[in-house]
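**Q** sharing a model that was predicted from the sequence below.
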Amino acid sequence: MTAKEYNIGIKAHWTVESMHYIKDVTFGEDASLIRTKNALTNFSIMRNIMNVLRRENI
């Protein structure tokens, strides 16, 4: 693995981590009490959409 390939992998990892940080801290996903049927997945999808919109300043 070259240094350039390693750098690309590290940047990709931190991009994902920054999204998880926003979901955990801003949206409180880890503290969520939602546990019924598909609600957990549905709210996670909504948080992802909100995060993308927030990043695009929409």
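**A** Noted; the coordinates are in hand.
**Q** and Ile58, what pLDDT?
**A** According to the prediction, Ile58 has pLDDT 60.
**Q** actually Ala3, not the one I typed
**A** Predicted confidence (pLDDT) for Ala3: 91.
**Q** show me the contact partners of the longest helix along the chain.
**A** Secondary structure assigned by DSSP state H gives helix 3-21 as the longest helix of the chain. Applying Cβ atoms under 8 Å, 6 or more residues apart in numbering, the external contacts of helix 3-21 come out as Asn48, Asn51. C-beta coordinates here come from the backbone N, C-alpha and C atoms, glycine included.
**Q** distance from the centroid: which residue in this structure tops it?
**A** Thr2 (28.0 Å; Cα atoms, centre = their mean).
**Q** give the buried residues for stretch 18-36.
**A** Going by neighbour count (16 or more other Cβ atoms under 10 Å), the buried part of stretch 18-36 is Ile22, Lys23, Phe27, Glu29.
**Q** so the first one sits against Met50, correct?
**A** Right, Ile22. No: applying Cβ atoms under 8 Å as the test, Ile22 and Met50 come out as separate, 9.1 Å apart.
**Q** and the gap between the residue lying closest to Asn51 once chain neighbours are set aside and Leu53?
**A** Closest residue to Asn51 apart from its sequence neighbours, by Cβ to Cβ, 6 or more residues apart in numbering: Ile22 at 5.3 Å. Separation of Ile22 from Leu53 (Cβ to Cβ, to the nearest Å): 12 Å.
**Q** cool, and Thr36?
**A** As judged by Cβ to Cβ, Thr36 and Leu53 stand 26 Å apart.
**Q** what do you get for Arg35?
**A** Taking Cβ to Cβ, one finds Arg35 at 26 Å from Leu53.
**Q** ok, Asp30 next?
**A** Applying Cβ to Cβ, one obtains 21 Å for the distance of Asp30 from Leu53.
**Q** now do Asn42
**A** For Asn42, the distance to Leu53 - Cβ to Cβ - is 17 Å.
**Q** same thing with Val25?
**A** Taking Cβ to Cβ as the criterion, Val25 is separated from Leu53 by 17 Å.
**Q** and what of Ser32?
**A** 19 Å.
**Q** also Leu40?
**A** Using Cβ to Cβ, Leu40 is found at 21 Å from Leu53.
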